[in-house]
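> kindly generate the corresponding structure for this input.
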Amino acid sequence: MAQDSVGLPSDFQFWMRKLSVWDQASTLETQQDTCLHLPQFQEFLRQLYEALKEMGLLSHILSTFRFDIKEVDLFTQVLGYAPTDYYPGLLKNMVLSLVSELRENHLNGFNTQRRMAPERVRSLSRVCVPLVTLPDFEPLVEALLTYHGHEPQEVLWPEFCDAVNEAFLLKKISLPTSAVLCLWLRHLPSLENTMLHLFEKLISSERNLLRRIECFMKDSSLPAAACHPAIFRVVDEMFRYALLETDGALEVLAAIQVFTRCFVEALEKEDRQLKFAFKTYFPYASPSLVMVLLQHPKDIPQGLWHQALKHISEMLKEVVEDQTHGSYGGPFESWFLFVHFGGWADMAAEQLMMSEAEAEAPEALLWLLAFSCGPGAGHQQRAQTMVEVKAVLSCLMKLLRSPTLSARDLQAAAGEGGEGAPRPPACQQLIRRLLLNFLLWAPGGHAIAQEVITLMAQTDAIMHEIIGFLDQTLYRWDHLCVEAPRSRKLARELLAELRGQA
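Coordinates of the predicted model:
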């Protein structure tokens, strides 16, 4: 028995006879024959379904463009073609013809600018709604997305854009970034749905795994598409709302930083000169501050990191605390900009633990860390945070020179704030970051690390915060090519152990 679509007619007769026999008798032999042939019958039904699906498809397309399927059948019979031979070729040629019509035509060496009429483009996009996931139609889908007429209103059917975007998100269709960019520029709901889809993946995936977040980002095509400022602004605004709605959740902060890193990489990979000024991406920020934050620390000698951090701190402080810079949107906009490049704050905390710098630099780094805690803190609260952190840092520096080191000593160094007053949550988080950096870099930190973390992680939230810190530190070191074998080994061991407990 033939098992391909060409033999379907003879197979059909075979199975009709079988079904007639099975229906009229219920003997043991009939039951055995049914069991024996059932897998073959299922395969026949599958082939029949595929053939019928393709023939429904073709009738749908032909009827839309005023062809009569009976006329096509008569034509193929005269030519001596079987429908199974002729229809796939007809479909391929029809798609190529439509793609050519959607684009500029070149006839006899002349650019005729023959383009499909807008109403026909709209009709075609409506017809293609149920067909967007079929591989044969990918060229047509791409041609529709990249079609540019001179109409004042969008000509593509909205449901077509929805269907294409959903298929793209579910990996049922493959499209070049240029076509995806056109889709999101033409149809804002598609871009919004893509962002929501990304948020859902981030929420449902394992927390505190920046490598996976980076894969999600790049796989979504959002960083590459965001090289167009209109896309970047929408994506950035949605991150802003997510940050506000979650009250500055660490996962959202990490996602913003990973997105920004991937976005900057995408900009650097473009072959052409940058078409848009950075002002169009960050309209509320100081252009000079943006350019400084955009520097990759890997391109700066490690010995000059202190100086770069001090310069960033001074520029931010001038914008935030000097009233003459109100045109840049105030403290929140400056903080939101700094969040995008949050690796600088992590470097500041690390530098405070690693080097004995000149007296002025620690003050600048302390201000930078205090500012990174959040946009709601005013000048007075930042000053108090700096006092608290400076006191803890002084104790840690003494412990660093101590011949013996214990977990209880480190806990005592963290303290509880002046006169027993509880510290604000953001300040407590900042001090935990300093303690963790101390463990990673202090000679005696390895021996007491597990005990210190057990004392610190009194809640699941703090446990996840510590896991996030370790993951982000290793991720940043990889990008900066930091050579710290002992510290890396400790961070990896702690991360593996804590993830096993979480």
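
> ends of stretch 297-309, what's the gap?
Taking Cα to Cα, to the nearest Å, stretch 297-309 runs 10 Å from one end to the other.

> next up, phi/psi of residue 443, please.
phi -60, psi -40 (degrees, to the nearest 10).

> if I pick it, what's in contact with it?
By Cβ atoms under 8 Å, 6 or more residues apart in numbering, the contact set of residue 443 is empty. For glycine as for every other residue, the C-beta is placed from the backbone atoms N, C-alpha and C.

> now swap in the one 4 residues further on and tell me
With contacts defined as Cβ under 8 Å, 6+ apart, the neighbours of residue 447 are residue 405.

> got it, and residue 192?
234, 238.

> avg pLDDT for the host helix or strand of it?
Here residue 192 sits within helix 188-204, counting by DSSP states H and E. On average, the pLDDT along helix 188-204 is 91.

> could you do stretch 339-357 as well?
84.

> residue 413 contacts residue 396, correct?
Yes: if you go by Cβ atoms under 8 Å, residue 413 and residue 396 touch, sitting 5.6 Å apart.

> which residues in the stretch 351-500 of the chain form helices?
360-372, 379-400, 407-414, 425-441, 445-456, 460-480, 485-501 (DSSP state H, counting those that start in this stretch).

> quick one, which of those is nearest to residue 122?
helix 460-480 (46.4 Å; Cβ to Cβ).

> other SSEs contacting the closest one?
helix 210-220, helix 250-269, helix 343-354, helix 425-441, helix 445-456, helix 485-501 (3 or more Cβ pairs under 8 Å, 6 or more residues apart in numbering; DSSP states H and E).

> residues near the nearest residue to residue 402 once chain neighbours are set aside, how many?
Leaving aside its chain neighbours, residue 402 sits nearest to residue 409 (7.5 Å; criterion: Cβ to Cβ, 6 or more residues apart in numbering). Counted with other Cβ atoms under 10 Å, residues neighbouring residue 409 total 17.

> and residue 409, what's its pLDDT?
Looking at residue 409, the pLDDT reads 87.

> isn't it up against residue 396?
No: using Cβ under 8 Å, residue 409 is not in contact with residue 396; the gap is 9.9 Å.

> can you give me the pLDDT of the nearest residue to residue 18 once chain neighbours are set aside?
Nearest residue to residue 18, sequence neighbours excluded (Cβ to Cβ, 6+ apart): residue 37, at 6.6 Å. Looking at residue 37, its pLDDT stands at 79.

> helix, strand, or coil at residue 37?
helix (DSSP: H, G, I helix; E, B strand; the rest coil).

> number of residues surrounding it?
Around residue 37 there are 16 residues (other Cβ under 10 Å).

> then residue 16?
Neighbour tally, residue 16, other Cβ under 10 Å: 10.

> okay, residue 441: pLDDT?
89.

> right, and it touches residue 488 too?
No: the pair residue 441 / residue 488 is not scored as a contact, 11.4 Å apart, by Cβ under 8 Å.

> quick one, domains of the protein?
1-104, 116-186, 412-502 (automatic domain parsing).

> let me have those domains in TSV, extended by distance to residue 286.
Shown next, in TSV, are the domains of the chain (distance: least, Cβ to Cβ, whole Å):
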stretch	distance to residue 286
domain 1-104	44
domain 116-186	28
domain 412-502	24
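
> thinking again about what came up before, can I get the helices and strands packed on helix 460-480 in JSON lines with distance to residue 321?
What follows is these, written out as JSON lines (distance: least, Cβ to Cβ, whole Å):
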{"stretch": "helix 210-220", "distance to residue 321": "32"}
{"stretch": "helix 250-269", "distance to residue 321": "23"}
{"stretch": "helix 343-354", "distance to residue 321": "18"}
{"stretch": "helix 425-441", "distance to residue 321": "18"}
{"stretch": "helix 445-456", "distance to residue 321": "32"}
{"stretch": "helix 485-501", "distance to residue 321": "35"}
